[in-house]
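**Q** what would the 3D arrangement of this be:
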Amino acid sequence: MEDFLEEVTLDDVSSHIYELYSHPNEHDLGIQSRTSMVKVTIDDVDKEFEFQQSLSSLNQQGSTTGFVLWSVSIPFVGWILNDKLSPYDLRGKTVVELGSGVTGLLSCALGPSCKHYISTDQHHILKLLKQNICSNLCDFASSTMHIPSNGGKLKGTVDVVELDWEDLDSGVWNLQQVCSLDSIDYIVACDVVYNDYLIPFLVDAIARLCHQTSTVLIALQLRLPENIEQFVEQVLTRGLRIWRHLEHCLVPELREGFVIYRITR
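**A** The predicted structure is shown next:
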């Protein structure tokens, strides 16, 4: 395929994982900031965003990691918006994000270039996610939020939808209330492979939403190799194809300690 991709097959999953972890990984756990408010500047959109996150909710028993911003999200956004390095153009496309988390960084940074951007996550994430999007965006259509207007022309559509991977039928029904599944051009996700129990449910969601012309982009920080290996194997056993983006096509911040996968039918 293209010279910026390396396909992984079931025969070489182990060697792929070995190669990923053959370089020193000096990253910490990956939380971007341990404050209640986190500021993010994305040079490619020349804008600073400010998001509220909830460390107290993160630390509660039975909580999920979606209550804070994880570090891979920022360079991933910068890469997608980098016309010189990224081979992907989201302008005018319909994009669904899995496991958006409360900050809505991808919605706010990528949404303005899309035709329709849909953030999805579990129910308890959605209130703060909507607040953050509405605090950072304006002049967008939405059937799920009241996004403020500055009196300008509407730039596109941004929605927030409940989609719990463990209750996929309900989540897909929710998603179909705002878009048709065959209209999805891209599925994106950041740092969603962290709990081995949830990996099969995540792969189920990807397989359900990914049609013949969809492209799935998954950005992951390299933590436990067994989790990454399980994810790749599950994707392949579901009949999907998976590639790793080679370092030369990535922004420098993503070249060590992270992996960006492309998944298609």
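
**Q** please enumerate the helices of the stretch 51-200 of the chain.
**A** 55-58, 73-80, 105-110, 123-136, 168-176, 199-209 (DSSP state H, counting those that start in this stretch).

**Q** show me the strands in the stretch 101-250 of the chain, by range?
**A** Applying DSSP state E, counting those that start in this stretch to the stretch 101-250 of the chain gives strands spanning 116-121, 157-162, 186-190, 215-221, 241-245.

**Q** among those strands, which is nearest residue 41?
**A** For residue 41, the closest of the strands of the stretch 101-250 of the chain is strand 186-190, at 17.3 Å, according to Cβ to Cβ. The C-beta positions use only the backbone N, C-alpha and C, and glycine is treated the same way.

**Q** and that closest one, what's its mean pLDDT?
**A** Here the mean pLDDT over strand 186-190 is 98, rounded to a whole number.

**Q** residue 101 contacts residue 69, doesn't it?
**A** Yes - A contact is recorded between residue 101 and residue 69 when judged using Cβ atoms under 8 Å, the distance being 6.8 Å.

**Q** low-confidence ranges, the chain, go.
**A** When the per-residue scores of the chain are filtered using pLDDT under 70, the ranges that remain are 1, 26-29, 44, 58-63.

**Q** from residue 204, how far out is the residue nearest to residue 251 when sequence neighbours are not counted?
**A** The spatial neighbour of residue 251 that comes closest, neighbours along the chain excluded (Cβ to Cβ, 6 or more residues apart in numbering), is residue 79 at 4.6 Å. The spacing between residue 79 and residue 204, counted by Cβ to Cβ, to the nearest Å, is 27 Å.

**Q** got it, and residue 197?
**A** Using Cβ to Cβ, one gets 13 Å for the distance from residue 197 to residue 204.

**Q** higher neighbour count, those two?
**A** Between residue 197 and residue 204, counting by other Cβ atoms under 10 Å, residue 204 is the more crowded of the two (15 against 7).

**Q** so that one is in contact with residue 163, correct?
**A** No - using Cβ under 8 Å, residue 204 is not in contact with residue 163; the gap is 11.6 Å.

**Q** returning to that earlier point: reformat the strands of the stretch 101-250 of the chain as TSV; add distance to residue 110 and mean neighbour count.
**A** Written out in TSV, the entries for the strands of the stretch 101-250 of the chain read as follows (distance: least, Cβ to Cβ, whole Å; neighbours: other Cβ atoms under 10 Å):
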stretch	distance to residue 110	mean neighbour count
strand 116-121	6	27
strand 157-162	10	23
strand 186-190	8	24
strand 215-221	11	23
strand 241-245	17	19
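
**Q** and of the ones you listed, who's closest to residue 5?
**A** Taking Cβ to Cβ as the criterion, residue 5 comes closest to strand 241-245 out of those, the separation being 4.1 Å.

**Q** can you dump the C-alpha atoms of that closest one in PDB for me?
**A** Only the C-alpha atoms of strand 241-245 are listed here, as PDB (Å, rounded to 0.1, in the frame of the first residue of the first chain):
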ATOM      1  CA  ARG A 241      -7.300  -5.000   8.000                       C
ATOM      2  CA  ILE A 242      -4.900  -3.000  10.100                       C
ATOM      3  CA  TRP A 243      -1.800  -0.900   9.300                       C
ATOM      4  CA  ARG A 244       0.700   1.000  11.400                       C
ATOM      5  CA  HIS A 245       1.700   4.500  10.200                       C
END
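
**Q** list the pairing partners of the following helix or strand past that strand within its sheet, with orientation.
**A** Counting by DSSP states H and E, the element after strand 241-245 in chain order, helix or strand, is strand 258-264. When pairing is defined by DSSP bridges, strand 258-264 lines up against strand 215-221 (antiparallel), strand 241-245 (antiparallel).

**Q** which among those is found nearest to residue 153?
**A** Comparing those by their distance to residue 153 (Cβ to Cβ), the top pick is strand 215-221, with 28.4 Å.

**Q** now the closest one and helix 73-80, what's the angle there?
**A** Here strand 215-221 runs at 140 degrees with respect to helix 73-80, directions being taken by axes from the mean of the first three to the mean of the last three Cα atoms, to 10 degrees.
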